[in-house]
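>>> missing the sequence, but the structure's below:
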């Protein structure tokens, strides 16, 4: 059954979805930047804490490698559990909407008609379009899910994709302070690690500023101070503990 006005509605909705897609992509990229920053700051602090306690680059290297692996796995597991729980909730809401559509098609058509009237259609146009949608259960479910639940049944978040992205983002960030310890001679390795981390922190601060519409310089300086403060604090604590143990 073909209903006049249906193609107009779906084309309009598709155009709206295309306008929203860049925002979704920006949100994903922002999450990646924050994941990388978390990996950088946490591993930098861990490595400098161990270096402060032991005074040995090898110990800091081992701690950094362990921190990268453990932190990445932890972030991936947490993201998987979180996104899976959210997806299951959304799937249950969509299943409930499907059941209501199967049991009460007239009532659901009335809800759709009310939505279309609120969008500016006349009652007759809205009812005709709603009846045509309900005649196609899959299309009706997609429309109801979007309009009532704010969900797209065909675009629910993937827990595995989220877990892999979280793992990689954290690992990349955590690798920044770690790699100089592998590539630079021991006498300058910690200094090189600090320098590489400082550059990365400034870059992450600039990226966050661009996403949030802030000034780049203050945001970069703030990120640098946070990372440097965390590394200095753990270094001092590690040094104090190392002396106390010795």
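That came through, no problem. Just so you know, these numbers come straight off a predicted model, no measurement behind them.

>>> ok, residue 179 - how many residues close by?
By other Cβ atoms under 10 Å, the residues close to residue 179 number 14. Just so you know, the C-beta spots here come from the backbone N, C-alpha and C atoms, and that holds for glycine as well.

>>> Sorry, slip of the keys, the one I care about is residue 225.
Around residue 225 there are 12 residues (other Cβ under 10 Å).

>>> so what does the host helix or strand of it touch, helix or strand wise?
Per DSSP states H and E, residue 225 falls inside helix 216-245. Using 3 or more Cβ pairs under 8 Å, 6 or more residues apart in numbering; DSSP states H and E, the elements in contact with helix 216-245 are helix 6-54, helix 186-212.

>>> Just give me the lowest mean pLDDT stretch among those.
The weakest mean pLDDT among these belongs to helix 6-54, with a mean of 68.

>>> and the angle for the helix or strand just after that helix with helix 186-212?
The C-terminal neighbour of helix 6-54 among helices and strands, as given by DSSP H and E, is helix 57-103. Helix 57-103 and helix 186-212 meet at an angle of 30 degrees, taking axes from the mean of the first three to the mean of the last three Cα atoms, to 10 degrees as the criterion.

>>> quick one: the spatially most central residue of the chain and residue 37, what's the gap?
By Cα atoms, centre = their mean, the mean C-alpha position of the chain lies nearest to residue 31, the distance being 3.7 Å. Look at residue 31 and residue 37: by Cβ to Cβ, to the nearest Å, they are 11 Å apart.

>>> relative to helix 216-245, how tilted is the strand or helix carrying residue 167?
Per DSSP H and E: residue 167 is located in helix 159-183. Per the same axes, to 10 degrees, the angle that helix 159-183 makes with helix 216-245 is 70 degrees.

>>> Please identify the buried residues of helix 159-183?
Using 16 or more other Cβ atoms under 10 Å as the test for burial, helix 159-183 gives 159, 162-163, 165-178, 180-181.

>>> now swap in stretch 141-161 and tell me
Neighbour-count burial for stretch 141-161 flags 141-147, 151, 153, 156, 159 (criterion: 16+ other Cβ under 10 Å).

>>> Confirm for me that residue 100 is in contact with residue 108.
Yes: if you go by Cβ atoms under 8 Å, residue 100 and residue 108 touch, sitting 6.2 Å apart.

>>> Neighbour count for those two, which is higher?
residue 108 (23 against 16).

>>> contacting residues around the more buried one?
By Cβ atoms under 8 Å, 6 or more residues apart in numbering, residue 108 lies in contact with 100-101, 134, 140, 144.

>>> how much space is there between it and residue 124?
The value you get for residue 108 to residue 124, if Cβ to Cβ is used, is 18 Å.

>>> Tell me how many other residues surround residue 106.
Residue 106: 9 neighbours (other Cβ under 10 Å).

>>> element containing it?
In this assignment (DSSP H and E), residue 106 forms part of helix 105-118.

>>> Buried residues in that helix, which are they?
For helix 105-118, a neighbour-count test (16+ other Cβ under 10 Å) marks 108-113, 115-117 as buried.

>>> Between helix 57-103 and the helix or strand that it is followed by, find me the angle.
Next helix or strand after helix 105-118 toward the C-terminus (DSSP H and E): helix 123-134. For helix 123-134 against helix 57-103, the angle by the same axes, to 10 degrees is 110 degrees.

>>> Off-centre distance for helix 123-134?
Offset of helix 123-134 from its chain centre (Cα atoms, centre = their mean, to the nearest Å): 38 Å.

>>> again, but for stretch 38-57
The answer for stretch 38-57 is 26 Å, by Cα atoms, centre = their mean.

>>> in that stretch, what counts as buried?
Going by neighbour count (16+ other Cβ under 10 Å), the buried part of stretch 38-57 is 38-54, 57.
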